[in-house]
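A.B. asks: Give me a model of this one.
(one chain, ligands or ions: 2)
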Amino acid sequence: MKIHFGVDYYPEHWPKKRWETDVQLMKEMGVQVVRMAEFSWFKMEPVQGEFHFEWLEEAIALLDRYGIKTILGTPTAAPPAWIIHKNPEIQPIDREGRRRFFGGRHHDCQSNPIYRAHIKQFVTAFAKRFADNPGVIGWQIDNELGNSHGELCMCASCRQLYQKWLQRKYGTIEALNQAWGTAFWSQGYNDFTQIGTPLITAAGENPSAMLDWKCYCSDLIVDFADWQAEIIREICPNHFITHNFMCFDNKVDYYDLAGLLDFVSNDIYPAGHWQKTPHQPESELAACHDVIRGYKKKPFWMMEQQSGMAGWEIMGRALEPGQMSAWAMQSVAHGADVVVFFRWRTCAMGTEQFWHGILGHSGKPGRIYNEAKKLIHTFTKYMEDFGGSMPSPQVAIVHSFRQNYALDIQPNHPQLRYIEHLQKYYKALYDKKIPVDFVQDMDDLSKYKLVIAPLQYLMTPELEQHYIDYVANGGHLILTMRTGVKDANNLCMTEIELPGRLGELCGIEVPEYDCLLEATGGVLYGKKEYEIQKWCDIIELKGASQIAEYSTGFYKQTPAITENKYGSGIAWYIGTEPGEELMEDIMTYISEVCEIETLGTAGNGVEMMTRESEDKVWLFVINHTNDEQVYHLHGRYTLLEGEREEMLKPYEVQLFVGNKHK
Ligand code: GAL
Ligand code: ZN
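C.D. replies: Numbering: from 1, shown residues only. Ligands and ions are numbered 1, 2, ... in the order given. Next comes the predicted model:
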């Protein structure tokens with residue numbers, strides 16, 4: 001039997017005499033895998049070069065006796081005090097030029113050669129010791145790369161590496177001066193050694209330089225992971241290597257990082273951020289899973305799936321009965337082949353004392369344990385069948401780290417956030433029970449009936465051509481506000497009116513625009529007036545037809561949304577950020593034009609998603625609410641698991657299977 005469920009386990013937090021009880025309870029719950037050691041460097045190397053792996057070997061052997069396999073994490077997100085004491089210079093420098101010190105985690109600089117030397121010594125010993133251990137199946141590199149490194153690191157080592165990176169990219173300093181537009185504010189450089197890391201300035205910053213900095217930081221993290229993976233791969237050729245991503249987090253370009261891993265893993269805490277009460281909306285979570293699947297176009301693992309109330313200093317809401325299971329099966333519905341719950345037992349010490357797990361502080365199995373056990377015993381058998389299969393959506397949303405970086409640097413509108421904007425389009429489709437893929441802009445788009453490419457702010461001639469070809473060959477494309485504004489260097493386009501050559505595709509020009517700041521605006525679509533937010537592109541028709549017009553502003557009665565037939569396809573342009581209602585109605589119209597299939601109908605708390613093999617379709621229907629729900633399916637399926645068709649109990653997960661029509 002393959003592996004489907006597991007827990008994150010920290011045996012070093014507990015007396016050894018407890019371990020066997022833990023493992024017995026895990027076994028009964030149905031656990032098949034644990035992840036361990038990703039923060040245990042000091043326990044494994046308390047003094048330089050003195051390795052203590054016995055405790056871990058003992059834990060692995062005990063687990064293995066019960067048939068539970070182990071994934072080991074390299075503990076490089078938490079270098080121990082003796083390293084810091086010996087080499088304080090490996091602690092990172094923030095934008096204010098201050099050092100960040102020991103006492104939490106991530107107090108490291110990933111470019112620092114001295115830190116890398118410590119890692120090399122440790123990881124080599126670690127990998128050698130466990131290469132042939134029968135209980136070990138794979139490795140997680142570091143932990144949540146990019147986490148806490150948001151504004152880091154500005155140290156001398158990073159500065160040097162950044163200069164080299166720029167030199168490789170631009171060749172000559174003249175090319176860099178050109179690309180960064182350093183004619184402005186006397187920012188010209190004579191040579192690469194004059195360029196610093198972006199320490200805090202007196203006022204303003206150069207958007208082109210900042211874009212390069214963000215890309216460099218991403219490359220550094222990818223290099224850091226790759227370099228560690230190489231060490232392990234050579235010593236442990238039979239083990240897989242993965243890493244736990246954080247959904248849409250953008251410190252590292254996950255498409256690049258995914259490239260060096262055997263498969264991608266993800267961490268998700270739906271009720272983990274108390275600021276988002278009571279929890280993150282399910283549509284946003286669903287989008288996270290879809291983007292994770294998109295990073296490698298493969299099924300993935302959940303390496304940390306929330307299993308209890310979250311909390312560091314402040315706690316989130318307790319999980320309602322059934323809620324954890326619904327979230328776990330949501331991960332599976334979107335492409336997770338394995339779900340590892342964070343964490344086995346709520347620990348008594350440290351920053352995360354209140355980050356709850358399957359067991360509470362007392363270690364006594366209770367409500368959550370019983371729920372997890374039931375979930376595992378219900379669904380493991382089906383996961384054997386559909387493991388490896390993928391959803392196969394008809395709609396794609398284009399997602400790009402570079403666009404995200406550029407809009408983080410200059411959001412244009414104070415509240416415009418790239419991912420939130422994408423999530424608005426996603427939600428309209430999610431509510432209609434239309435599955436979605438996230439793709440990169442230059443991916444082959446031809447298999448999708450509809451491609452939504454929001455905020456194509458940075459543009460290249462290649463990408464323009466790519467979109468034009470897609471539509472010319474029969475594709476349906478949605479482009480939006482702030483498209484074609486900048487070139488790849490984050491300099492404004494000057495040759496033609498916005499949105500550049502894509503204006504030809506959309507049959508429009510955008511000579512002017514309005515930033516709505518704190519105000520909202522209005523749009524007339526059909527006979528109804530709707531709310532819009534943040535932005536209004538002022539559009540002139542050059543062949544397109546208008547399908548909605550502004551009802552506010554000095555540009556009222558001018559086009560807000562347009563439609564243009566081009567070649568054998570259609571291009572829509574949405575010049576604003578639609579409010580929820582307009583988004584819903586416009587997406588209904590467009591998905592009907594594109595003949596997109598919907599999986600069924602139900603209220604907004606009910607999710608539908610499919611995974612498909614060669615000849616079968618598995619359909620998941622998930623009730624994310626505390627109430628009974630009714631639903632109706634489009635298509636013929638047989639109920640495999642669930643109480644009653646067309647009815648859902650609170651938080652019930654139903655599973656259907658059907659034949660794939662070819
Ligand atoms: C994750 C992290 C875990 C743990 C958890 C709860 O981000 O990978 O190590 O910190 O959050 O805070
Ligand atoms: Zn550094």
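
A.B. asks: which stretches of the chain aren't confidently modelled?
C.D. replies: Applying pLDDT under 70 to the chain flags the ranges 1, 662.

A.B. asks: quick one, longest helix in it?
C.D. replies: Identified as the longest helix of the chain according to DSSP state H is helix 207-235.

A.B. asks: Which elements pack onto it?
C.D. replies: Contacts defined by 3 or more CB pairs under 8 Å, 6 or more residues apart in numbering; DSSP states H and E place helix 207-235 against helix 113-130, helix 156-170, helix 173-180, strand 240-242, helix 254-259, helix 401-409. Every residue, glycine included, has its C-beta placed from N, CA and C.

A.B. asks: Which one of the ones you listed lies nearest to Leu599?
C.D. replies: With CB to CB as the measure, helix 254-259 is the member of the helices and strands packed on helix 207-235 nearest Leu599 (27.2 Å).

A.B. asks: Can you dump the C-alpha atoms of the closest one in PDB for me?
C.D. replies: Taking C-alpha atoms only, helix 254-259 is exported to PDB below (Å, rounded to 0.1, in the frame of the first residue of the first chain):
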ATOM      1  CA  TYR A 254       8.000  28.400  -6.800                       C
ATOM      2  CA  TYR A 255       8.000  27.400 -10.500                       C
ATOM      3  CA  ASP A 256      11.800  27.500 -10.400                       C
ATOM      4  CA  LEU A 257      12.000  25.800  -7.000                       C
ATOM      5  CA  ALA A 258       9.700  23.000  -8.100                       C
ATOM      6  CA  GLY A 259      12.100  22.200 -10.900                       C
END
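
A.B. asks: Could I get the buried residue list for it?
C.D. replies: Under the neighbour-count criterion of 16 or more other CB atoms under 10 Å, helix 254-259 has 254-258 buried.

A.B. asks: Reformat those as a markdown table; add distance to ligand 2.
C.D. replies: Formatted as a markdown table, the buried residues of helix 254-259 follow (distance: CB to the ion, whole Å):
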| residue | distance to ligand 2 |
| --- | --- |
| Tyr254 | 22 |
| Tyr255 | 24 |
| Asp256 | 20 |
| Leu257 | 19 |
| Ala258 | 24 |
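
A.B. asks: Not including adjacent chain positions, what is the nearest residue to the residue nearest the centre of the chain?
C.D. replies: The centroid of the chain falls nearest to Cys247 when counting by CA atoms, centre = their mean (2.1 Å). Leaving aside its sequence neighbours, Cys247 sits nearest to Cys288 (CB to CB, 6 or more residues apart in numbering; 3.7 Å).

A.B. asks: residues near that neighbour, how many?
C.D. replies: Using other CB atoms under 10 Å, Cys288 has 26 neighbouring residues.

A.B. asks: packing partners for the host helix or strand of it?
C.D. replies: Using DSSP states H and E, Cys288 falls within helix 282-296. Using 3+ CB pairs under 8 Å, 6+ apart as the contact definition, the elements that helix 282-296 packs against are helix 254-259, strand 265-268, helix 323-333, helix 418-431, strand 436-439, strand 606-612.

A.B. asks: Excluding its own residues, what touches the fourth one? List them.
C.D. replies: Judged by CB atoms under 8 Å, 6 or more residues apart in numbering, the contacts made with helix 418-431 from elsewhere in the structure are 248, 250, 281-284, 286-287, 290, 395, 397, 399, 403-404, 407-408, 435-436, 452, 454-455, 478, 577-578, 580, 583-584, 586-587, 591, 604, 607.

A.B. asks: How about the residue of the stretch 151-300 of the chain at minimum distance from ligand 1: what's its closest non-neighbour residue?
C.D. replies: Distances between the stretch 151-300 of the chain and ligand 1 by CB to the nearest ligand atom are smallest at Asp267, namely 5.3 Å. Nearest residue to Asp267, sequence neighbours excluded (CB to CB, 6+ apart): Glu304, at 3.7 Å.

A.B. asks: residues touching the one you found, list them.
C.D. replies: Taking CB under 8 Å, 6+ apart as the contact definition, Glu304 lies against 8, 244, 266-269, 340-343.

A.B. asks: Same question for Leu479.
C.D. replies: The neighbours of Leu479, taking CB under 8 Å, 6+ apart as the test, are 453, 456, 467, 499, 502, 505-506, 571-574.

A.B. asks: Now with 10 Å, please.
C.D. replies: Neighbour list for Leu479: 398, 451-456, 467, 471, 499, 502-503, 505-506, 508, 562, 571-575 [criterion: CB atoms under 10 Å, 6 or more residues apart in numbering].

A.B. asks: doesn't Thr601 fall inside a strand?
C.D. replies: Yes - following the definition DSSP: H, G, I helix; E, B strand; the rest coil, Thr601 is counted among the residues of a strand.

A.B. asks: Leaving out chain neighbours, which residue sits closest to it?
C.D. replies: In space, Thr601 comes closest to His632 once its chain neighbours are excluded; the distance is 5.0 Å by CB to CB, 6+ apart.

A.B. asks: measure the one you found to Ala602 for me?
C.D. replies: Distance, His632 to Ala602, using CB to CB, to the nearest Å: 7 Å.

A.B. asks: Against ligand 2, how distant is the residue nearest to Cys247?
C.D. replies: Separation of Cys288 from ligand 2 (CB to the ion, to the nearest Å) stands at 29 Å.

A.B. asks: just Glu643 next, same as before
C.D. replies: Glu643 sits 56 Å away from ligand 2 when distances are taken as CB to the ion.

A.B. asks: Quick check: phi and psi on that residue?
C.D. replies: According to degrees, to the nearest 10, the main-chain angles of Glu643 amount to phi -80, psi -60.

A.B. asks: Would you confirm that it contacts Val621?
C.D. replies: No - taking CB atoms under 10 Å as the definition, Glu643 is not a contact partner of Val621, at 11.5 Å.

A.B. asks: The two: who's more crowded?
C.D. replies: Neighbour comparison, Glu643 and Val621: the larger count goes to Val621, with 27 against 10 (by other CB under 10 Å).

A.B. asks: Can I take it that the more buried one is in a helix?
C.D. replies: No - according to three-state DSSP, Val621 belongs to no helix; its state is strand.

A.B. asks: I'd like the distance between Asp223 and ligand 2.
C.D. replies: 13 Å.

A.B. asks: In three-state terms, label Trp19 for me.
C.D. replies: When the structure is split into helix, strand and coil by three-state DSSP, Trp19 lands in helix.

A.B. asks: Contacts only, for it.
C.D. replies: 9, 11, 55, 58-59, 62-63.

A.B. asks: Okay, strands next: where are they in the stretch 251-400 of the chain?
C.D. replies: If you assign secondary structure with DSSP state E, counting those that start in this stretch, the strands in the stretch 251-400 of the chain sit at 265-268, 300-306, 336-342, 395-398.

A.B. asks: partners of the first one, with directions?
C.D. replies: So that's strand 265-268. Partners of strand 265-268 in the sheet, by DSSP bridges, are strand 244-245 (parallel), strand 300-306 (parallel).
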